[in-house]
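J.: Build me a model:
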Amino acid sequence: MNFKVYTLQELATIKYGKSQKKVVSDNGDIPIYGTGGLMGYAIQSLYDKPSVLIGRKGTIDRVHYVTQPFWTVDTLFYTEINNSIVLPHYLYYLLSILDLKQYNEGTTIPSLRTETLNRLEFNIPSIKNQQKILAILEPLEYKIELNNKINKNLEQQAQAVFKSWFVDFEPFGGIMPSDWSIVPLSQIASFVNGYSYKSNELISSTTAMTTIKNFERKSGFKLDGFKEILPSGKIKTEQYVELFDVLVAHTDLTQNAEIIGNAELILSFDDYDNVVFSMDLVKVQPKIEKISKFLIFAILKDRRFKEHCLGYTNGTTVLHLSKKALSEYKLILPKDLSILFPLDEIITIFYKQIASNVEENKKLKNLKDTLLPKLMSGEIDISEIDI
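T.: Modelled structure (predicted):
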């Protein structure tokens, strides 16, 4: 496969983002991007063609590909791409495998300079061969995105079904049955505090530790938040997690209390042999056979639980959740818990399917990550393949 060498300056014009203060809007539909991802929505766009966003300050080791009109803040670069030489999505893949941190020119805050980026050189194949490479990579990425959308929909369905039972009482004609009563969460669940680790235990290992770094700010569990650890003999057996265990964040570094009180379900070990959970988290497990982990999770995903937790939060720089928050949470349950079996069953089906999709996405991502550098370098030559 033949390549030509181009500088990044020849492939794209790098431009600065701008402040979001004048464009952010409650009713806007143009996404505003920062180094941490989506920051809100604007009423006007900064650029309306496919572009690659590059971290300028702070998080400089990530790039993002956008195809719709967008606004980006000044901690990011955006690119106006020369489509006659390189396809926008192809340029994104090229930059995604580049270690941009090696070009850091900041001291206190990591930063990249336009001049340095412009001098970077890339081997670029013909547009036809770029299209062939994209025809291999894009379906993998689109399937991952589709699975994420399916999982989001399944999560919404699980919450809707839970609400129909516990809020609207639809299976009972819209009226709470007389044998339902208010009980504390401690009546149906037990709580296990996480492992208090030392920094010298954070070494290469087949055991991972989950922390609040795994918790998405707006709900969700990130597999790339795991830390490898070799725990001491002081760790308790119950401080290991099993698949589908439920964890609740008891600490939060965000001032908006976005993470504290959030509940997440362990859907994957991400190829680690074992997973432990840190002191920033609490494991909530059913102590009654008639209630599954999945139903416990649905109970804790209810917005009323989050609101309850906010009333038990204290701290300034670091927020902490009172130990009483979980045990004192009140919910309504029937006297005969077997009534909940149909609800429990369907919620279980939803979350097991979500776990299956997470596992498939992990395999697809591994395949994409393996193919990507080999396709870009020409190690896998697709020039004679008819795609």
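J.: show me the contacts for Leu87.
T.: Ile127, Gln130, Gln131, Leu134 (CB atoms under 8 Å, 6 or more residues apart in numbering). (Each C-beta comes from the backbone N, C-alpha and C, glycine too.)
J.: So it versus Ser126, what's the distance?
T.: Distance of Leu87 to Ser126, computed by CB to CB, to the nearest Å: 11 Å.
J.: Dump the contacts of Leu87 to JSON lines, plus neighbour count.
T.: Output for the contacts of Leu87, formatted as JSON lines (neighbours: other CB atoms under 10 Å):
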{"residue": "Ile127", "neighbour count": "14"}
{"residue": "Gln130", "neighbour count": "21"}
{"residue": "Gln131", "neighbour count": "16"}
{"residue": "Leu134", "neighbour count": "17"}
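J.: Could you export these as JSON lines, including pLDDT and distance to Thr316?
T.: Formatted as JSON lines, the contacts of Leu87 follow (pLDDT from 0 to 100; distance: CB to CB, whole Å):
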{"residue": "Ile127", "pLDDT": "96", "distance to Thr316": "56"}
{"residue": "Gln130", "pLDDT": "96", "distance to Thr316": "52"}
{"residue": "Gln131", "pLDDT": "96", "distance to Thr316": "54"}
{"residue": "Leu134", "pLDDT": "97", "distance to Thr316": "49"}
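J.: Among the residues you listed, name the ones in helices.
T.: Using DSSP state H, the subset of these located in helices is Ile127, Gln130, Gln131, Leu134.
J.: Find the nearest non-adjacent residue to the second one, please.
T.: So that's Gln130. Nearest residue to Gln130, sequence neighbours excluded (CB to CB, 6 or more residues apart in numbering): Tyr90, at 4.5 Å.
J.: Same check on the third one?
T.: Setting aside the residues directly before and after it, Gln131 is nearest to Leu87 in space (CB to CB, 6+ apart), at 7.1 Å.
J.: buried stuff in stretch 230-250?
T.: The neighbour-count check on stretch 230-250 (16 or more other CB atoms under 10 Å) flags Pro231, Ile235, Gln239, Tyr240, Val241, Phe244, Asp245, Val246, Leu247, Val248, Ala249, His250 as buried.
J.: Let's have the residues you listed in CSV, adding distance to Ser338, secondary structure and pLDDT.
T.: Putting those into CSV (distance: CB to CB, whole Å; DSSP: H, G, I helix; E, B strand; the rest coil; pLDDT from 0 to 100) gives the following:
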residue, distance to Ser338, secondary structure, pLDDT
Pro231, 39, coil, 95
Ile235, 37, coil, 96
Gln239, 32, helix, 97
Tyr240, 31, strand, 98
Val241, 28, coil, 97
Phe244, 21, coil, 97
Asp245, 24, coil, 98
Val246, 21, strand, 98
Leu247, 27, strand, 98
Val248, 26, strand, 97
Ala249, 32, strand, 96
His250, 32, coil, 95
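J.: Which one of these is nearest to Glu360?
T.: Of all the buried residues of stretch 230-250, Glu360 sits closest to Phe244, with 17.1 Å by CB to CB.
J.: number of nearby residues for the closest residue to that closest one other than its chain neighbours?
T.: Using CB to CB, 6+ apart and skipping residues adjacent in sequence, the residue nearest Phe244 is Lys293, 5.0 Å away. By other CB atoms under 10 Å, 21 other residues sit near Lys293.
J.: Find the nearest non-adjacent residue to the most centrally placed residue in the chain, please.
T.: With distances taken as CA atoms, centre = their mean, the chain has Lys222 as the residue nearest its mean C-alpha position (4.3 Å). Distance criterion CB to CB, 6+ apart; nearest residue to Lys222, sequence neighbours excluded, is Asn214 at 5.2 Å.
J.: Now do that neighbour, the pLDDT please.
T.: Listed pLDDT for Asn214 reads 94.
J.: related to what we said a few turns ago, dump the ones in helices among the contacts of Leu87 into TSV; add distance to Gln285 as well.
T.: Below are the ones in helices among the contacts of Leu87 laid out as TSV (distance: CB to CB, whole Å):
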residue	distance to Gln285
Ile127	56
Gln130	51
Gln131	51
Leu134	46
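J.: Now flag whichever of those is closest to Asn357.
T.: Distance to Asn357, by CB to CB, is smallest for Leu134 among those, at 23.8 Å.
J.: what's the spacing between the closest one and Asp386?
T.: Separation of Leu134 from Asp386 (CB to CB) stands at 15 Å.
J.: wait, doesn't Leu331 sit right on Ile182?
T.: Yes: contact criterion CB atoms under 8 Å: Leu331 and Ile182 qualify, at 7.3 Å.
J.: Looking only at neighbour counts, state which of the two leads.
T.: Shown here are Leu331 and Ile182; by other CB under 10 Å, Leu331 has more neighbours (18 against 8).
J.: I'd like the next helix or strand past the worst-scoring helix or strand of the chain on mean pLDDT.
T.: Within the chain, no helix or strand scores below strand 37-42, which has a mean of 85 by mean pLDDT, DSSP states H and E. Once the chain leaves strand 37-42, the next helix or strand it forms, by DSSP states H and E, is strand 51-55.
J.: Lovely, talk soon.
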